[in-house]
Structure formats: structure tokens, C-alpha cells
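[1] give me coordinates for this.
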Amino acid sequence: MLINNVTPPINLRMVDLAAGGAVAELRRLAVTTLAGFASIVALGFVATWILGPFFVRFLVGGGSGVEGSLVAFVLLGEGLIWLTVLPRIVCVAIGNRRAMVVAWAIGLVSFLTWLLLPIPDVWKVVGGPIVGGAVTLVVGLILAARLLSPSRVGKHGSVHEAMAPS
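    I've put the predicted structure just below:
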């Protein structure tokens with residue numbers, strides 16, 4: 001629910017900033033948003049690590065084979081995937097959709113590579129989103145940062161690139 005309610009206004013603000021050439025403010029908003037989103041994921045991970053074992057025993061009962069700490073790693077994977085929304089918003093705001101396509105493709109390859117490793121299935125299921133989300137996030141952040149770099153903006157005068165009609 002949080003992502004559905006918070007990201008649309010952030011998206012609109014970033015588009016306005018990019019269109020108006022307010023690159024420094026766009027960078028500042030992106031960093032602040034990333035810090036806020038990452039804090040929520042980190043807090044959720046820690047809380048789930050601490051409270052997960054209790055709730056697993058309470059909800060599923062003992063002997064279910066599901067460890068409470070495993071639930072925290074599931075949350076971490078989902079959180080990392082959630083965080084990939086930020087570089088996507090930045091890239092779309094400045095009119096460069098290709099950067100996130102590249103990031104998602106590299107993340108997907110890392111996810112599939114993880115699934116092919118000879119490890120227990122439970123760690124494939126839990127680790128796949130963590131690996132894929134982390135790789136997509138890191139690549140997306142690097143590409144978004146390069147697109148917003150002062151040297152690039154100085155060369156082209158604006159971060160906004162014309163988008164082809166859909």
C-alpha cells in the first residue's frame with residue numbers, strides 16, 4: 001500500500017523537476033527518497049528477524065519447517081525489488097527508459113543464474129529475489145546517477161530527453 005500511495009506524487013514531482021531542468025533538486029529528491037525507502041526496508045527486516053520466529057510459531061505452529069529468520073530474508077528480497085522502483089522513476093522522469101531496461105535485464109540474468117546454482121531449493125526461492133533485486137537496484141542506481149551527473153547535464157544542458165511516441 002505504501003508504494004502505491006507514495007510513489008505517484010514522487011514520480012510526478014521528479015518529472016516536473018526533470019522537465020524544468022532542476023537537476024540538483026531532482027538528485028536531492030532521489031537521494032532522500034532512496035534513504036527513506038531503504039530505511040523502511042531495513043526496519044522491516046530487523047523487526048521481522050526479531051519477531052518472525054514468534055509469529056511463525058503462533059501462526060503456523062511448531063514443526064512447520066519454516067524458520068522465523070527465513071521470513072526476514074523473504075521480506076528483504078521483496079524490499080530490494082521494491083527499492084528498484086526509485087531508479088526506474090528517475091530514468092522515466094528524465095526520458096531514458098533504456099537505462100532501466102538494461103538494469104532489469106542484468107538483474108534477471110543474475111536471478112536466473114542464482115536459480116541454477118546447486119543449492120537447497122528453499123535458498124533458491126528466498127535468495128533469488130535478494131540477488132535479482134540487489135543487482136537490479138545497484139545497476140539502476142549507477143545508471144541513474146550517471147544520467148544525472150553534473151558532467152552529463154553540463155554537456156547537454158538538460159537531463160530530459162525527448163521520448164518517442166508510444
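[2] what about the helices in this structure?
    2-19, 23-60, 68-83, 85-93, 97-116, 121-147, 150-156 (DSSP state H).
[3] comparing these, which comes out most buried?
    Using mean count of other CB atoms under 10 Å, the stretch among those with the largest mean neighbour count is helix 85-93, at a mean of 23. Bear in mind the C-beta positions are built from the backbone N, C-alpha and C, glycine included.
[4] just give me how far stretch 116-136 sits from the chain centre.
    Offset of stretch 116-136 from its chain centre (CA atoms, centre = their mean, to the nearest Å): 16 Å.
[5] swap that for stretch 110-126, please
    Counting by CA atoms, centre = their mean, stretch 110-126 comes out at 20 Å from the chain centroid.
[6] what comes into contact with it?
    Residues from elsewhere that reach stretch 110-126, judged by CB atoms under 8 Å, 6 or more residues apart in numbering: 70, 73-74, 77, 127-129, 131-132, 135-136.
[7] could you dump the helices of the chain to TSV with mean pLDDT?
    Formatted as TSV, the helices of the chain follow (pLDDT from 0 to 100):
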stretch	mean pLDDT
helix 2-19	88
helix 23-60	90
helix 68-83	90
helix 85-93	92
helix 97-116	95
helix 121-147	94
helix 150-156	62
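[8] ok, back up a step: of the contacts of stretch 110-126, which is the nearest to Ala19?
    Ala19 lies nearest to Thr136 out of the contacts of stretch 110-126, by CB to CB, at 26.0 Å.
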